[in-house]
Every structure is written in structure tokens, then in C-alpha cells.
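S.K.: Turn this into a model:
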Amino acid sequence: MNIKRRLPHDPQGHSSALNDILFILLLFFLIISTLANPNVVKLSIPKAKSDTKAKQTVVVSINDKQEFFVATTQVPVDSLQSFIARAIAKSQDAEPTVVINADKQATADNVVAVMRAAHDLNLRTVLAVENNSR
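M.R.: Presented below is the predicted three-dimensional model:
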């Protein structure tokens, strides 16, 4: 007589694949969240040969209709300096930087107006351009 003792069966689900899926989802959402920028005004900007990065404290955009935007708020040119000063006060960075994001059709006078407003506030300015080397 062949009597076998059965061990109690302990049902367990395998969760090793679940860890991989959660890691991939976490990585995906981290990458997407760094690419999303709510302060965007759609422009076609000029191209450059070198790449310079600066921390964006305040972004001043000039579109093809020669309209000024501080972040996403449209601003008249005569009150540009006061809007930049308010945005700098909100950020409280040690080295505030004004990034000029100008369309290709924007005139040099408008870019210089933003640079003068930043210079009067003793701020560093950076002109945003597309990198040609890619």
C-alpha cells in the first residue's frame, strides 16, 4: 500500500513582476514631470552653436506680435520693470536671472528693452536660443 502524506498547500501569488512594473511607472512619471513646464508661451526662437544653461528665475517672452509676457502674464512695455521686480521678489533666489525668450520675428529694440529693465534692477540676463548642434 502506497500512502503518501500530503503537505498542506500554501497558495501564494508571485509579485516579482509587480515590482518591475511599479518601478517603470515611477520612472515614467518622474521624467514626464520634469519635462512639463507651465510657464510656456509658444515661440520659434533663434538658433545658436553653443549651449549655455542658467537657472530660470523669471522668464520674459516676446512673441511675433511684439507682445511682452512675464511668465504667462501679458505686460505692457512701460511696466515691464515693475513686473520683473515682483516676480524676483516672489522667487527670492540668491542669484536671480532673467531669461529672455524671444521669437525670431521679435525686434532687437524689444529685446534691449527687456535687458535694460533687468539691468536697472541689477539682474543677470540670458537670451534663450535653440541649440544647432543637435
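S.K.: ok now the helix or strand where residue 74 lies, how far from the chain's centre?
M.R.: Assigned by DSSP states H and E, residue 74 falls within strand 73-75. Centroid displacement of strand 73-75 relative to its chain, using C-alpha atoms, centre = their mean, to the nearest Å, is 18 Å.
S.K.: partners of it, with directions?
M.R.: According to DSSP bridges, strand 73-75 has the following sheet partners: strand 68-70 (antiparallel).
S.K.: Quick one: mean pLDDT over the partner strand.
M.R.: Strand 68-70 carries an average pLDDT of 91.
S.K.: ditto for stretch 57-64
M.R.: 88.
S.K.: got the buried residues for the strand holding residue 74?
M.R.: Judged by neighbour count using 16 or more other C-beta atoms under 10 Å, the buried positions of strand 73-75 are residue 75. Every C-beta, even on glycine, is put in place using the N, C-alpha and C of the backbone.
S.K.: tell me what the next helix-or-strand element following that strand is packed against?
M.R.: Note on strand 73-75: by DSSP H and E, the next helix or strand toward the C-terminus is helix 80-91. Packing partners of helix 80-91 (3 or more C-beta pairs under 8 Å, 6 or more residues apart in numbering; DSSP states H and E): strand 58-62, strand 68-70, helix 108-120.
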